[in-house]
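[1] Quick one, fold the following:
(2 chains)
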Amino acid sequence: MSQKVIMTLFFLFATLISLPSALRAEQPVTVNLDPASINISAFYNGTDVIVTGEAPADAELLIRLSGTRHDVTLKKKGKVGGLLWMNVGEVTFENVPSVYLLYTSKGLGEVAMSRESNRWDSMGLGFEAIKQEMKVTPAANDKEVVFKEFMKLKKHEELYKLTPDAVRFAATNGPMKPYTATIHVPPKLKAGDYQVDVLAISSDSIVAGPSQQLKLSQTGFPAFLSSMAFGRSLVYGVMSVVIAVFAGLGTSMVFRSKGGAH
Amino acid sequence: MWHMYLPIAGNSVNILTIFGLGGAVGLLSGIFGVGGGFLMTPLLMMFGIPPTVAAASDSNQIVGASTSGTLAHWRLGNVDFKMGFLLLIGGILGGTLGVQIIKVLRALGNADFLITVTYVLMLGGVGSYMFIESLQALKKKEAPATTAAAAPKKESTYARLLKKLPMQTRFDKSGIEISLLLPLFLGTLVGVLAAIMGVGGGFIMVPVMVYLLRMPMHVVVGTSLFQILFTCVNVTIMQSWSNHTVDFVLALLLLLGSTIGAQVGTKVSKKLKGDQLKILLASLVLLVCVKMMADLLLPPDILLSYKGGH
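    Have a look, this model is predicted:
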């Protein structure tokens, strides 16, 4: 019996330390994205991605959409002279994901939203994971305090968000059950590559499905403008000004002809 | 379907909202001869546009609105091109100088505190003075108000000093005779202040033209727009060239509204008397001042923010 406990603990430990790419040999979680690549065209306003697959019958699911890690420098406000709130310096957050969207099944969502959220945090699944992996400079800043403000900003922008009860299960099919989740990709997600991970969490183990890539790319008019703005910035600037001047002239002419009619 | 994607801002916006926003700010521009960046930038940020992109795209939009507004005011004979050019030259000199001054200030430390407090005090001072002065003028003048500015009763020391300056020139549109050096100097001063405060300067320029150059209010509005046009052409090109922050889709949506707003604003402006215009502008300046004071005094919801913007 003790051997079984040790084995279970070993598996749990192994999966925890090697997250998010932890895979059991038999790889029981399957993941499929539809679509796996998104085109950002002129009238794009975000879109939905359907995540489907199969997970162990007894597991709760966490789907995580994360962006590349980068450094962000922000202005920090503080009280000056004990009275006025103003910018008092800058804080850099190193190695933070540009986006961190979490979608859970109902049971896990309840854990994450409840007082038991410590447990969820200690598993390295929630936003707490970001705090552990990031670095704050200048180091004089109280990491806890600035991280709390950082989370407020990111949550306000809806770039870090937890959506409980987003994953639905269909009837169990032997040891496995099919799942479906609709992930809303907000328009604020810029073109680039994002990673989608699915973690199946049961009482004694965490199992990850294979990481999937979600690709967002600008097409058509937005792609053309972006390439102009970054590739031929002077031409782009002059063109923007010329069109604005003509728009002003045009409107002015329309109004004059109207004015003449009175 | 009513959304459009902004490739540089990296977000999508509702077309009608942005069109309406442009219209409202363009209206203010046409009435008062200000660019409206003080209003537009924070509003765009509320719609999820990064501050640097909001400020740069707004200046692109102002190019359209001020072209439209300048033409409308020019037809009414309200643009003093000679004065506008002199102020503009001064403004460019001042802007360049201001950028250097701010570097020195930043190096000395505590610059932001000094700048913010000066800005709020200045807005408060100018706004209150304008408000009281035009209120008294409105009360006193039973006769139809001429568009004359401050209507000084006695020849002030300032007026006598002005007459002693060399290179006296007649400005026909404004109906005044002053030294060429004065608009050059004041333009420089406003340019320095605008660069330091990080604003367009319309708010400072209008009172300067009314009280220090003693131009009639209606000519002030038209001439200010003419000047803003050139300033914003410069800013737009510089921003797209060195920072890639101009979102043309955003600017286009805004200026569809603002060019119309500027035309309507000019019509409204024409119907109002000089003192009425001044008192309305003074109220607007005071409102901005109160808003800035509130921002300074009330604890912010989030202690962190992105860089850029006003």
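[2] Around whatever residue of the stretch 151-300 of chain B ends up closest to chain A, count how many other residues there are.
    Chain A sits closest to residue B:240 of the stretch 151-300 of chain B, with a gap of 3.3 Å, by C-beta to the nearest C-beta. (Each C-beta comes from the backbone N, C-alpha and C, glycine too.) Other residues lying near residue B:240 total 30 when counted by other C-beta atoms under 10 Å in any protein chain shown.
[3] Please name the spatially closest residue to it (chain neighbours excluded).
    Of all residues beyond its chain neighbours, the one nearest residue B:240 is residue A:237 (3.3 Å), with distances taken as C-beta to C-beta, 6 or more residues apart in numbering or on different chains.
[4] swap in residue A:151?
    Nearest residue to residue A:151, sequence neighbours excluded (C-beta to C-beta, 6+ apart): residue A:127, at 6.1 Å.
[5] I figured that neighbour hits residue A:160, correct?
    Yes - between residue A:127 and residue A:160 there is a contact under C-beta atoms under 8 Å: 6.3 Å.
[6] overlap in contacts of these two?
    Residues touching both residue A:127 and residue A:160 (C-beta atoms under 8 Å, 6 or more residues apart in numbering or on different chains) are A:100, A:151.
[7] who has more neighbours, those two?
    Ranked by neighbour count (other C-beta under 10 Å), residue A:127 and residue A:160 place residue A:160 first, with 22 against 19.
[8] Just grab the bridge partners of that one for me.
    Legend: beta-bridge partners of residue A:160 under DSSP bridges are residue A:100.
[9] What separation do you get for residue A:252 and chain B?
    4 Å (C-beta to the nearest C-beta, to the nearest Å).
[10] tell me the SS of that residue?
    State at residue A:252, reduced to three classes by DSSP: H, G, I helix; E, B strand; the rest coil: helix.
[11] of all of the stretch 51-200 of chain A, which residue lies closest to chain B?
    Minimum separation of the stretch 51-200 of chain A from chain B (C-beta to the nearest C-beta) falls at residue A:187, amounting to 3.8 Å.
[12] Hmm, that residue is touching residue B:9, no?
    No - counting by C-beta under 8 Å, residue A:187 stays clear of residue B:9, with 10.0 Å between them.
[13] more crowded one of those two?
    Each of residue A:187 and residue B:9 has its neighbours counted (other C-beta under 10 Å); residue B:9 has more, 23 against 18.
[14] Need phi/psi at that one.
    When read as degrees, to the nearest 10, the backbone of residue B:9 gives phi -70, psi -30.
[15] Just list the residues touching residue A:152, thanks.
    Counting by C-beta under 8 Å, 6+ apart, residue A:152 makes contact with B:301-302, B:304.
[16] among these, which are in strands?
    Residues of the contacts of residue A:152 located in strands (DSSP state E): residue B:304.
[17] What subset of the contacts of residue A:152 is buried?
    If you count burial by 16 or more other C-beta atoms under 10 Å in any protein chain shown, the buried members of these come out as B:302, B:304.
[18] Same list, the contacts of residue A:152, but only the ones touching chain A.
    Restricting those to those near chain A by C-beta under 8 Å from any C-beta of the partner chain leaves B:301-302, B:304.
[19] Helix or strand for the residue nearest to residue B:240, just tell me which one.
    Assessed by DSSP states H and E, residue A:237 sits inside helix A:233-261.
[20] Arrange the contacts of residue A:152 in CSV, one row each, with pLDDT as further columns.
    What follows is the contacts of residue A:152, written out as CSV (pLDDT from 0 to 100):
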residue, pLDDT
B:301, 87
B:302, 87
B:304, 88
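[21] out of the contacts of residue A:152, which one sits closest to residue A:69?
    Residue A:69 has its nearest neighbour among the contacts of residue A:152 in residue B:304, at 18.3 Å by C-beta to C-beta.
[22] Can you name the residues that contact the residue nearest to residue B:36 when sequence neighbours are not counted?
    Nearest non-adjacent residue to residue B:36, counting by C-beta to C-beta, 6+ apart: residue B:25, 4.0 Å away. Applying C-beta under 8 Å, 6+ apart, one finds that residue B:25 lies in contact with B:36, B:39-40, B:65, B:254, B:258, B:261.
[23] Below-threshold pLDDT in the stretch 1-150 of chain A: ranges please.
    For the stretch 1-150 of chain A, the stretches with pLDDT under 70 are A:1-27, A:115-122.
[24] mind running it again at 80?
    Counting by pLDDT under 80, the stretch 1-150 of chain A contains low-confidence residues at A:1-27, A:81, A:107-125.
[25] need the residues of it near chain B, please.
    So the stretch 1-150 of chain A meets chain B at A:40-46, A:73-78, A:80-81, A:83-87, A:90-91, A:146, A:149-150 (C-beta under 8 Å from any C-beta).
[26] for stretch B:263-271, which positions count as buried?
    By neighbour count with 16+ other C-beta under 10 Å, stretch B:263-271 contains the buried residues B:263-266, B:269.
[27] quick one on the thing from earlier: redo the contacts of residue B:25 as a markdown table? Include distance to residue B:91.
    Shown next, in a markdown table, are those (distance: C-beta to C-beta, whole Å):
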| residue | distance to residue B:91 |
| --- | --- |
| B:36 | 18 |
| B:39 | 21 |
| B:40 | 20 |
| B:65 | 18 |
| B:254 | 23 |
| B:258 | 22 |
| B:261 | 24 |
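[28] Just give me the closest of these to residue B:194.
    Checking those against residue B:194 by C-beta to C-beta gives residue B:36 as the nearest, at 14.3 Å.
[29] Quick one: neighbours of that closest one, just the number.
    For residue B:36, using other C-beta under 10 Å, the count is 29.
[30] pretty sure it is in contact with residue B:59, am I right?
    No - Residue B:36 is not in contact with residue B:59 according to C-beta under 8 Å; the separation is 10.7 Å.
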